[in-house]
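Q: Build me a model:
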Amino acid sequence: MGDNMTSVTEFILLGFSLDPRIQLFLFGLFFLCYAFTLLGNGVILGLISLDSRLHTPMYFFLSHLAIVDIAYACNTVPQMLINLLSPTKPISFTGCMTQTFLFLSFAHIECLLLVVMSYDRYVAICHPLRYSAIVSWRVCITLVVIPWAIGVLLSLIHLVLLLPLPFCISQKINHFFCEIMALLKLACADTHINETVVLAGAISVLLGPFSLIVISYMCIFCSILRIQSGGGQKKAFSTCSSHLCVVGLFYGTAIITYVGPRYGNPKEPKKYLLLFHSLFNPMLNPLIYTLRNLEVKGALKRVLGIKRAL
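A: Sure thing, here's the model as predicted:
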């Protein structure tokens with residue numbers, strides 16, 4: 001048994017147990033989604049960089065969200081695409097641990113970035129005259145650094161607890177990427193501490209920030225209702241609607257997966273939820289901000305107009 005515990009150098013991701021023809025179809029579908037994710041978030045980053053009208057705190061935060069979404073998808077989707085074509089192709093132990101660490105890091109960062117963005121909208125709508133003083137560029141940089149630092153630190157804690165575990169039962173991970181709960185199922189040691197830390201982290205990083213977002217939007221809606229003109233109310237709400245859609249998609253799938261009933265169950269329903277979470281969320285985010293945000297659409301038209309003129 002001791003030999004088994006030290007001989008695990010790679011894992012096999014089982015992915016989705018489907019007919020090979022369906023897996024080939026999914027490869028094409030997921031590849032297109034992945035391409036749209038990179039393209040959409042790349043366009044958002046390009047527009048914010050090229051259009052000086054978007055050089056504001058709100059779009060500074062949005063640019064970081066786009067960076068996280070690109071990294072989020074790049075961490076899990078390429079390996080998933082490889083597995084759809086070659087189901088028996090293994091992933092190295094180091095690669096698997098790195099993927100777990102990066103997935104947790106980007107998930108934590110996005111959770112906290114969405115809180116920062118809700119705070120930005122709260123100040124913009126509830127304290128418009130003091131907005132530039134409260135959300136200065138120094139504050140913006142601080143508000144972005146904190147999610148990145150906390151996200152990496154929390155993920156390091158999970159990694160430090162995960163690395164010493166002996167993996168001696170099986171090398172087959174019942175998931176499409178190295179998801180931490182699926183990995184813990186393979187350990188032949190007591191993982192109670194690991195599971196408790198994962199649950200505590202999920203509650204603190206998901207439910208805590210989500211509660212702050214709910215509180216901030218309660219204040220925002222109260223302020224919007226006090227606006228006298230209908231046009232003013234519509235404009236104020238339009239600046240929040242995109243963010244609300246993104247929050248609903250991200251937190252909804254994450255809370256159901258990690259805090260909901262049958263927590264940690266790596267069976268098919270949870271896998272499909274995490275698929276939506278790691279592939280479709282990053283793809284939908286730029287579409288939501290482009291379709292529902294007049295300033296982003298205006299910037300896109302201006303950039304396309306410049307290209308036509310050239």
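
Q: Strands of the stretch 151-300 of the chain, residue ranges please.
A: In the stretch 151-300 of the chain, strands defined by DSSP state E, counting those that start in this stretch lie at 172-173, listed in chain order.

Q: low-confidence ranges in it?
A: Where the stretch 151-300 of the chain drops to pLDDT under 70, the residues are 169-170, 228-232, 235-236, 238-239, 260-269, 291-294.

Q: repeat that with 80
A: 168-170, 226-242, 257-273, 289-300 (pLDDT under 80).

Q: Okay, helices next: where are they in the stretch 151-300 of the chain?
A: 180-184, 192-202, 208-225, 230-258, 268-275, 281-292, 294-309 (DSSP state H, counting those that start in this stretch).

Q: I'd like the ones you listed written out as JSON lines, with mean neighbour count and distance to Glu110 added.
A: (Glycine included, C-beta is placed from N, CA and C.) JSON lines is the format used below for the helices of the stretch 151-300 of the chain (neighbours: other C-beta atoms under 10 Å; distance: least, C-beta to C-beta, whole Å):
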{"stretch": "helix 180-184", "mean neighbour count": "22", "distance to Glu110": "16"}
{"stretch": "helix 192-202", "mean neighbour count": "15", "distance to Glu110": "14"}
{"stretch": "helix 208-225", "mean neighbour count": "16", "distance to Glu110": "10"}
{"stretch": "helix 230-258", "mean neighbour count": "17", "distance to Glu110": "6"}
{"stretch": "helix 268-275", "mean neighbour count": "18", "distance to Glu110": "14"}
{"stretch": "helix 281-292", "mean neighbour count": "21", "distance to Glu110": "9"}
{"stretch": "helix 294-309", "mean neighbour count": "13", "distance to Glu110": "19"}
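
Q: Show the backbone phi and psi for Cys178.
A: Backbone torsions for Cys178, taken as degrees, to the nearest 10, come to phi -80, psi 70.

Q: Against Val198, how distant is it?
A: Relative to Val198, Cys178 is positioned 14 Å away (criterion: C-beta to C-beta, to the nearest Å).

Q: So what's the gap between stretch 250-260 and the chain middle?
A: With C-alpha atoms, centre = their mean, to the nearest Å as the basis, stretch 250-260 stands 12 Å off its chain's centre.

Q: which outside residues touch stretch 277-291?
A: Contacting residues not belonging to stretch 277-291 are listed as 30, 33-34, 36-37, 40-41, 43-44, 62, 65-66, 69-70, 72-73, 75-77, 80, 103, 177, 242, 245-246, 249-250, 253-254, 257, 296-297, 300 [C-beta atoms under 8 Å, 6 or more residues apart in numbering].

Q: on that earlier part again, and Gln99, which of the helices of the stretch 151-300 of the chain is closest to it?
A: Smallest distance to Gln99 across the helices of the stretch 151-300 of the chain (C-beta to C-beta): 10.0 Å, for helix 180-184.

Q: Mind giving me the packing neighbours of the lengthiest strand in the chain?
A: The strand that spans the most residues within the chain, counting by DSSP state E, is strand 10-13. Strand 10-13 sits against helix 57-85, strand 91-92, helix 93-126, strand 172-173, with contacts defined as 3 or more C-beta pairs under 8 Å, 6 or more residues apart in numbering; DSSP states H and E.

Q: Turn these into TSV, columns for mean neighbour count.
A: As requested, these are arranged in TSV below (neighbours: other C-beta atoms under 10 Å):
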stretch	mean neighbour count
helix 57-85	21
strand 91-92	16
helix 93-126	21
strand 172-173	18
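
Q: Out of those, which is closest to Ala202?
A: Nearest to Ala202 among the helices and strands packed on strand 10-13 is helix 93-126; the distance by C-beta to C-beta comes to 9.5 Å.

Q: how about the CA coordinates for the helix or strand following the closest one, as CSV?
A: Downstream of helix 93-126, the next assigned helix or strand under DSSP states H and E is helix 131-134. As requested, C-alpha coordinates have been extracted for helix 131-134 and formatted as CSV (Å, rounded to 0.1, in the frame of the first residue of the first chain):
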residue,chain,number,x,y,z
TYR,A,131,-18.3,59.4,-6.4
SER,A,132,-15.0,60.7,-7.8
ALA,A,133,-13.7,61.5,-4.3
ILE,A,134,-14.7,58.1,-2.8
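
Q: who touches helix 131-134?
A: Taking C-beta under 8 Å, 6+ apart as the criterion, the residues outside helix 131-134 that touch it are 123-124, 127.

Q: rerun at 6 Å
A: 123-124 (C-beta atoms under 6 Å, 6 or more residues apart in numbering).

Q: Now that helix: buried residues?
A: By neighbour count, and taking 16 or more other C-beta atoms under 10 Å as the criterion, the buried residues in helix 131-134 are Tyr131.

Q: repeat for stretch 144-157
A: Using 16+ other C-beta under 10 Å as the burial criterion, the residues of stretch 144-157 that qualify are 144, 147-148, 150-152, 154-155.

Q: With that, I have no additional questions.
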